[in-house]
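**Student:** The following comprises the amino acid sequence and a computationally predicted model.
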Amino acid sequence: MRIITLSLIALLGLSSLANAQNLALVLSNGYYDNGTDVANISRKHQQMVNALENQGYEVIEGKDLNRLETRQRIGDFAGKIAGADTVIAVLNGHVAHFGEVSWLLPADMNASSATGMAFRGINIGFIAQLLAQKPEHAVLFVGESDRELVRIPMVEEGLARMPLPRGVMMISGAYDKVGDLLRHSFLRPNVRVIDVLRTDTGRLEIEGDIPASLELVNNRVFARTPEQIEQALGLSRGTRRQIQQDLTDLGFDTRGVDGLFGNGTRTAIRSWQRRERLTRTGYLDADQVARLRVQGDAARVELRAGDRTYWAQTGASGTERGLRLYLERYPNGQFANRARAELARFNARTDEQAWARAVQIDTDAAYREYLNDFPNGIYKDIARSRIGAVPEVVENDAKRVEDALRLNSVSRLLIEQRVADLGYRTGPRDGSFDLATRQAFRSYQRDRGMAVTGYVTADMIRRLLLGQ
């Protein structure tokens, strides 16, 4: 019976090792309720989390946590260490010490004495003791702010020389240098700790037992595919559109900015990755999304500068040729909507003038000339009906003019409200042009020397809505 029990335990143990996963604790405190903030620590937090997760680590993390939230994360971390293969802890923020005791200060740190610090700070030595459960497979990274939160008697800024448990290595120093070393040197497949330490690590402190042959990333650890890494980002439709816009502004054709990553977008991503000398996967990770945003913003600044210069040379003059030249070069430029609106008004004025001439002459030839110049003009249907027609057939021209404008309900309501705001009695403001509304329109037209019809014209819309 005893042999069977031992065999079951052995099997369970083997199963646990087979499913073992690397484990990391990442705590970053950059914003403090009391004292000096170091915002960049908080900003870099997600980059570290993403880098670890991309290499198959289960990450327990938090930024700008108070002491209760911090202890909860540490408790979660402690409960999973036994089932992990390699464990690391990354602590970034204000660090202080008293004697050989060092603390990471939580975001709500508020102490005026060493005693208060001892009860409120996060004991870094305790974190090291937790890591000691995995001797020779445990590394502690401490990124210091190099700043003092508040002055407290007998408490000094920074990490103290402290005894480390057997089998634990600690790397400490400026938070940005520690983070860069971990992300860019240690978190590479099949790179041993000793290989990294043989390179120039700058002014970082290396203490404790060095697990020379340990690899923080190795082929036995599951690493997610590029597609899975991008999926884990949970990119919203809006974020995807922004990425497509960034790529487009950088000169990579995504075949649309619609928030859908099809073949065009994937090809554009691969082209950008090739230019940046990155692995050409067609999928993005968090660092690449951030890099794209920075590059896209810079490209847009440059584009806007050229855009403004060309607008001053062309469209700003207000001529039809200048407006068209601008739109040919900058169809989506910062002045594109304005240019299109100016062209539309320019064409509308010309259309109105041509129609006025045709009506004044009032011959078939005049109407044919209008249609030749404006085949899609506002009055095209009326012009066709007048050619070869007797006067009685076209007596309802005013209504036809209004119908040709194809006013929607919102436009009709806005027109009615503007006329009413000028003091004319339109009746109920509901977008329905009833008898009272028509009478108000006639009064408005009469007061302004316009043709009195009671029906809306393009000229009336310009005066009411565009102030012309």
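**Tutor:** Happy to help now that I have it.
**Student:** which SSE is the closest residue to Glu276 other than its chain neighbours in?
**Tutor:** Leaving out its chain neighbours, the residue that sits closest to Glu276 by C-beta to C-beta, 6 or more residues apart in numbering is Arg291, at 7.3 Å. The C-beta positions use only the backbone N, C-alpha and C, and glycine is treated the same way. Using DSSP states H and E, Arg291 maps to helix 286-313.
**Student:** Name the residues of that helix that are buried.
**Tutor:** Of the residues in helix 286-313, those with enough neighbours to count as buried (16 or more other C-beta atoms under 10 Å) are Ala286, Gln288, Val289, Arg291, Leu292, Gln295, Gly296, Ala299, Arg300, Asp307, Tyr310, Trp311.
**Student:** Then stretch 378-388?
**Tutor:** In terms of neighbour count (16+ other C-beta under 10 Å), stretch 378-388 has its buried residues at Ile378, Tyr379, Lys380, Ile382, Ala383, Ser385, Arg386.
**Student:** What average pLDDT does stretch 161-178 get?
**Tutor:** Averaged over stretch 161-178, pLDDT sits at 92.
**Student:** Which pLDDT value does the model give the residue nearest to Glu276?
**Tutor:** Arg291 is given a pLDDT of 91.
**Student:** And the one 5 residues further on, by the same measure?
**Tutor:** On the pLDDT scale, Gly296 is placed at 89.
**Student:** same question, Ser15
**Tutor:** 33.
**Student:** coming back round to it: for the buried residues of stretch 378-388, give me JSON lines that also has pLDDT, secondary structure and distance to Ala268.
**Tutor:** What follows is the buried residues of stretch 378-388, written out as JSON lines (pLDDT from 0 to 100; DSSP: H, G, I helix; E, B strand; the rest coil; distance: C-beta to C-beta, whole Å):
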{"residue": "Ile378", "pLDDT": "75", "secondary structure": "coil", "distance to Ala268": "42"}
{"residue": "Tyr379", "pLDDT": "78", "secondary structure": "coil", "distance to Ala268": "46"}
{"residue": "Lys380", "pLDDT": "80", "secondary structure": "helix", "distance to Ala268": "43"}
{"residue": "Ile382", "pLDDT": "79", "secondary structure": "helix", "distance to Ala268": "49"}
{"residue": "Ala383", "pLDDT": "81", "secondary structure": "helix", "distance to Ala268": "48"}
{"residue": "Ser385", "pLDDT": "77", "secondary structure": "helix", "distance to Ala268": "52"}
{"residue": "Arg386", "pLDDT": "78", "secondary structure": "helix", "distance to Ala268": "54"}
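**Student:** And those residues, which is closest to Met460?
**Tutor:** Met460 has its nearest neighbour among those in Ile378, at 12.3 Å by C-beta to C-beta.
**Student:** What's the separation between that closest one and Arg357?
**Tutor:** Here the criterion is C-beta to C-beta, to the nearest Å. By it, Ile378 lies 14 Å from Arg357.
**Student:** Whichever strand or helix holds Asp180 packs against which elements?
**Tutor:** According to DSSP H and E, Asp180 maps onto helix 175-181. The elements that helix 175-181 packs onto, with contact taken as 3 or more C-beta pairs under 8 Å, 6 or more residues apart in numbering; DSSP states H and E, are helix 39-54, strand 84-93, strand 138-144, strand 168-174.
**Student:** Pick the most buried one from these.
**Tutor:** Relative to the other members of these, strand 138-144 carries the highest mean neighbour count by mean count of other C-beta atoms under 10 Å, namely a mean of 26.
**Student:** what's that one in contact with?
**Tutor:** By C-beta atoms under 8 Å, 6 or more residues apart in numbering, the residues outside strand 138-144 that reach it are 41, 86-95, 104, 124, 127-128, 131-132, 158-159, 164, 167-179, 182, 186, 193, 208, 211, 214, 216.
**Student:** Backbone dihedrals for the residue nearest to Asp434 when sequence neighbours are not counted, please?
**Tutor:** What sits nearest to Asp434 in space, not counting adjacent residues and going by C-beta to C-beta, 6+ apart, is Gly427, at 5.8 Å. Phi and psi for Gly427, reported as degrees, to the nearest 10, are phi 80, psi -160.
**Student:** Please apply the same query to the one 3 residues further on.
**Tutor:** For Asp430, the backbone dihedrals are phi -130, psi 10 (criterion: degrees, to the nearest 10).
**Student:** Just confirm it contacts Gln417, I think it does.
**Tutor:** No. Taking C-beta atoms under 8 Å as the contact criterion, Asp430 and Gln417 are not neighbours in contact, 10.1 Å apart.
**Student:** for the helix or strand hosting Gln244, which positions count as buried?
**Tutor:** With elements delineated by DSSP H and E, Gln244 resides in helix 237-249, which encompasses its position. Along helix 237-249, the positions that meet the burial threshold by neighbour count (16+ other C-beta under 10 Å) are Arg240, Arg241, Gln242, Ile243, Gln244, Gln245, Asp246, Leu247, Thr248, Asp249.
**Student:** Check which helices and strands that helix is in contact with.
**Tutor:** Judged by 3+ C-beta pairs under 8 Å, 6+ apart, the packing partners of helix 237-249 are helix 263-275, helix 286-313.
**Student:** Could you figure out how far it is turned away from helix 286-313?
**Tutor:** 60 degrees (axes from the mean of the first three to the mean of the last three C-alpha atoms, to 10 degrees).
**Student:** Now do helix 237-249: everything it contacts.
**Tutor:** Helix 237-249 is contacted by residues 235, 254, 256-261, 265, 268-269, 272, 284, 289, 292-293, 295-296, 299-300, 303 when judged by C-beta under 8 Å, 6+ apart.
**Student:** same deal with stretch 161-174?
**Tutor:** Contact partners of stretch 161-174, identified using C-beta under 8 Å, 6+ apart, comprise 97, 100-102, 124-125, 128-129, 131-132, 134-144, 146, 159, 178, 181-182, 193, 201-211.
**Student:** Summarise which helices and strands the helix holding Arg291 is packed against.
**Tutor:** For helix 286-313, the helices and strands in contact under the criterion 3+ C-beta pairs under 8 Å, 6+ apart are helix 39-54, helix 237-249, helix 320-329.
**Student:** hey, C-alpha coordinates of the last one in PDB?
**Tutor:** Pointing back at helix 320-329 there. The C-alpha coordinates for helix 320-329 follow below in PDB (Å, rounded to 0.1, in the frame of the first residue of the first chain):
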ATOM      1  CA  GLU A 320     -11.700  77.500 -58.100                       C
ATOM      2  CA  ARG A 321      -8.400  76.500 -59.600                       C
ATOM      3  CA  GLY A 322      -6.600  77.000 -56.300                       C
ATOM      4  CA  LEU A 323      -9.100  74.900 -54.400                       C
ATOM      5  CA  ARG A 324      -8.900  72.100 -56.900                       C
ATOM      6  CA  LEU A 325      -5.100  72.100 -56.900                       C
ATOM      7  CA  TYR A 326      -5.100  71.800 -53.100                       C
ATOM      8  CA  LEU A 327      -7.600  68.800 -53.100                       C
ATOM      9  CA  GLU A 328      -5.600  67.000 -55.700                       C
ATOM     10  CA  ARG A 329      -2.500  66.900 -53.400                       C
END
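**Student:** Fine, thanks again, bye for now.
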